[in-house]
Structures are given as structure tokens and as C-alpha cells.
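Student: Dropping a prediction and its sequence here:
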Amino acid sequence: MRLPRARLDKLHARAAALAKLREFFAGRDFVEVETPLLVPSPGLEIHLEAVPAGGGYLITSPEYQMKRLLAAGFERIYQVCKCFRANERGAHHSSEFTMIEWYRAFAGIDAIIDDTEQLVADVCAKVSNHPIARVGGRSIDVTPPWRRMTVRDAMREWGGIAVDGTEPAGDLVAAVRAAGIDVADGTAWDDAFFAGFLARVEPAIAALDHALILEDWPAPLAALARRKDGDPKTALRFEAYIGGIELANAFDELTDAAEQRARFGDDLRIRAERGRAIYPLDEKLLAALAEGLPPSAGIALGFDRLVMVATGADTIGDVLSFTADEL
């Protein structure tokens, strides 16, 4: 098999990006760690399906094991690893993909925003000599700081939809319909939210000529995140976007074991109601939280997507050595 010159160039850029990110984390005193890819509990996120393997599951994220390392005494850790999510294929999705995940103990989410903005700028500059991302033929300056916007403001400004996370599902369905979006009766709260988000907010983000930190998510959409002090309706979560491509998802980590167990129970109930696979609770993670996880923040950033925006690739397959169809 011979690869086109353009794809070979992107794979060389991928290698340069990987070297740059390791240099970046070494410069900020992070320790690179490795955790298992095969685990008994792959996570309970409502919209993700894990890949069964060897009597367990391939990880959808290394989050649980990395939090256990924080609880064991590490303060700044990162990992570059393969993750797996069933039934994910598309221009920006692959069932097997590479994740960069990092955590800071004794730090808040603003420190993670700073890391993210500078890492993306450094990688883009390594690839093209300038802190410029390229998406859909457009050049987007990713020099920090990036614009920050709350989810509620984005839904209101771009969708005409008021949402705070406490309204009944029926009320949110009505609000989404009033914005001209077709949503069926009986739609769950989160599905109604994402109907509005995907129809109105994501296209608006895609049209921006700058990078965006979308922060302060409604609490029901962040089962692993801490609530904002004085505002329990809001979770300390952000997503990072460039040209409509979601690069990363971050939390100020929930450290309360009892609260985390209750939220896991809610997720399991919802998965059962929707006929999704039921996975075991990670009791060792909960035990680590009970023993004491320091105040921490962390993030998962898609490395393949980072290489896409750094090189101007149109699809995730353009930055992979082999796509699923080529195996």
C-alpha cells in the first residue's frame, strides 16, 4: 500500500506533534503515566458504549485509573493512550482513537484552560511555524487567551433557548420546539438539550473565526464534575472548540465518594431505562475517593483531532496510519 504524499506529510506532522506535547508536559513538571487498556468497568457515561474484550472492556477513557493515581499521591500526570468507543465512525470519529488526558492535583479548572490553550498553540506552531489552526480551508489564530462563553449564554444567544438544568424535561422540549427544532413528546431532558445544542449552537461555533472555551455546563450534563460554589445548577466543566471541532472536555473533579456513587446510580438507572449496556461500578475508584482525592482538575483531549486542526486535515482518517477500512 502506497500512501499519498499529503497523508505521509500529515503522519510526519503527527510524530512532531507527539514529540512537542511530551516536551510541553515535561516543561510543566508533569509525570507521564500508563494505565491498563483492559478494565472491568469502562465508565457509565450515558451516551457511550464500550467495546467488550477478554472478560472486561477496552477503556473509553483512562479517567478512573488516573484519578486513583492522584489519590495515591501523584500531583501532575498525563497520558497518551488508545481509547475505544463502539459504533463511532465519521469525519471526526473513529472507534479506536488516541487520547491525551492530564490531571492537576491542588488546582482548579482555570489551570487546565491555561494548559489547553498553550498546548494547542504550541503544537500548531510546531507543525506550521505559527499558532494557527486550519479547519475547512480557514486559518484560525489559537494564540491564548481564547474566548470564553457559558453554555447558557450560547444556548440563549445562538438558539433562543433558555436552559438552567432544573426545568422539567417537558419545559425544555417546549423551549426547543419554540426555537423551531423538531423534538418529540416524551424526549428526555438531555436529549432535548442536545437537540437544541446540535441544531443551533454547534453550527454557530463552527462559523467562529476564533477558538472557544464553552464553560459552566448545566449540572445534569457532568456526572463526574464538581458543582460551582454558590450555584449548584452549574457544573465546573468546559469543552474546547476550534472551527466547530470539539477538541477537549474538562472537569473540576468531583471528590466526594458518596455523591459520586449517587450520580453513578443515576447514570445506571438511565442506561437501564434506555436499554443500554449495564457496566459494573468501579468500586476501587469509589474507595480511592473515600480515602481522599485532593482538589483536582483534569481533561481529555483528542490527539487525532488536534493533529487534524494543526495540519488542516478534512477527516480523522487523514491523520491515522490505518483507518478501519484499511485493515
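Tutor: Noted; the coordinates are in hand. Numbering: from 1, shown residues only.
Student: Let me know whether Arg237 touches Ala250 as I believe.
Tutor: Yes. If you go by Cβ atoms under 8 Å, Arg237 and Ala250 touch, sitting 6.6 Å apart. For glycine as for every other residue, the C-beta is placed from the backbone atoms N, C-alpha and C.
Student: shared neighbours of those two, which are they?
Tutor: Ile109 (Cβ atoms under 8 Å, 6 or more residues apart in numbering).
Student: Give me the buried stretch members for stretch 279-295, please.
Tutor: Neighbour counts using 16 or more other Cβ atoms under 10 Å place Tyr279, Leu281, Asp282, Leu285, Leu286, Ala288, Leu289, Leu293 of stretch 279-295 among the buried residues.
Student: Just the ones in helices from those residues, please.
Tutor: Leu285, Leu286, Ala288, Leu289 (DSSP state H).
Student: is it possible to export those residues to CSV including pLDDT and distance to Glu202?
Tutor: CSV is the format used below for these (pLDDT from 0 to 100; distance: Cβ to Cβ, whole Å):
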residue, pLDDT, distance to Glu202
Leu285, 98, 31
Leu286, 98, 34
Ala288, 98, 35
Leu289, 98, 33
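Student: Tell me the one of the residues you listed nearest Phe97?
Tutor: Leu285 (22.6 Å; Cβ to Cβ).
Student: now the residue nearest to the closest one when sequence neighbours are not counted: how far from Glu32?
Tutor: Of all residues not flanking Leu285 in the chain, Tyr64 sits nearest, at 4.6 Å (Cβ to Cβ, 6 or more residues apart in numbering). Tyr64 is 18 Å from Glu32, where distance means Cβ to Cβ, to the nearest Å.
Student: Looking at those two, which one has more neighbours?
Tutor: Tyr64 (20 against 12; other Cβ atoms under 10 Å).
Student: the helices in the stretch 201-327 of the chain, which residues?
Tutor: In chain order, the stretch 201-327 of the chain shows helices spanning 202-206, 257-273, 283-292, 303-311, with DSSP state H, counting those that start in this stretch as the criterion.
Student: Nearest to Leu37, out of those?
Tutor: Once those are compared by Cβ to Cβ, helix 303-311 is nearest, at 15.3 Å.
Student: so which helix or strand takes in Glu117?
Tutor: Assigning secondary structure by DSSP states H and E places Glu117 in helix 109-128.
Student: I'd like to check the angle between that helix and helix 303-311, please.
Tutor: 50 degrees (axes from the mean of the first three to the mean of the last three Cα atoms, to 10 degrees).
Student: In CSV, could you pull the C-alpha coordinates for helix 109-128?
Tutor: Once non-C-alpha atoms are left out, helix 109-128 reads as follows in CSV (Å, rounded to 0.1, in the frame of the first residue of the first chain):
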residue,chain,number,x,y,z
ILE,A,109,-10.2,24.3,36.1
ASP,A,110,-8.6,27.6,35.1
ALA,A,111,-5.2,25.9,35.2
ILE,A,112,-6.5,23.3,32.8
ILE,A,113,-7.8,26.0,30.5
ASP,A,114,-4.3,27.6,30.5
ASP,A,115,-2.7,24.2,29.7
THR,A,116,-5.1,23.6,26.9
GLU,A,117,-4.7,26.9,25.2
GLN,A,118,-0.9,26.8,25.3
LEU,A,119,-0.6,23.2,24.3
VAL,A,120,-2.8,23.7,21.2
ALA,A,121,-0.9,26.9,20.3
ASP,A,122,2.5,25.1,20.8
VAL,A,123,1.5,22.1,18.7
CYS,A,124,0.1,24.2,15.9
ALA,A,125,3.2,26.3,15.9
LYS,A,126,5.4,23.2,15.8
VAL,A,127,3.6,21.9,12.7
SER,A,128,3.2,25.2,10.7
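Student: Whichever helix or strand comes after that helix: which residues count as buried?
Tutor: For helix 109-128, the succeeding helix or strand toward the C-terminus, using DSSP H and E, is strand 132-135. By neighbour count with 16+ other Cβ under 10 Å, strand 132-135 contains the buried residues Ile132, Ala133, Arg134, Val135.
Student: Now for the closest residue to the second one other than its chain neighbours: which residues touch it?
Tutor: Sequence neighbours aside, Val309 is the residue nearest to Ala133 in space, at 4.1 Å (criterion: Cβ to Cβ, 6+ apart). Counting by Cβ under 8 Å, 6+ apart, Val309 touches Val120, Cys124, Ala133, Arg134, Val135, Ile140, Ile242, Gly243, Ile245, Leu247.
Student: on that earlier part again, closest to Ala169 out of the buried residues of stretch 279-295?
Tutor: Nearest to Ala169 among those, counting by Cβ to Cβ, is Tyr279 at 24.6 Å.
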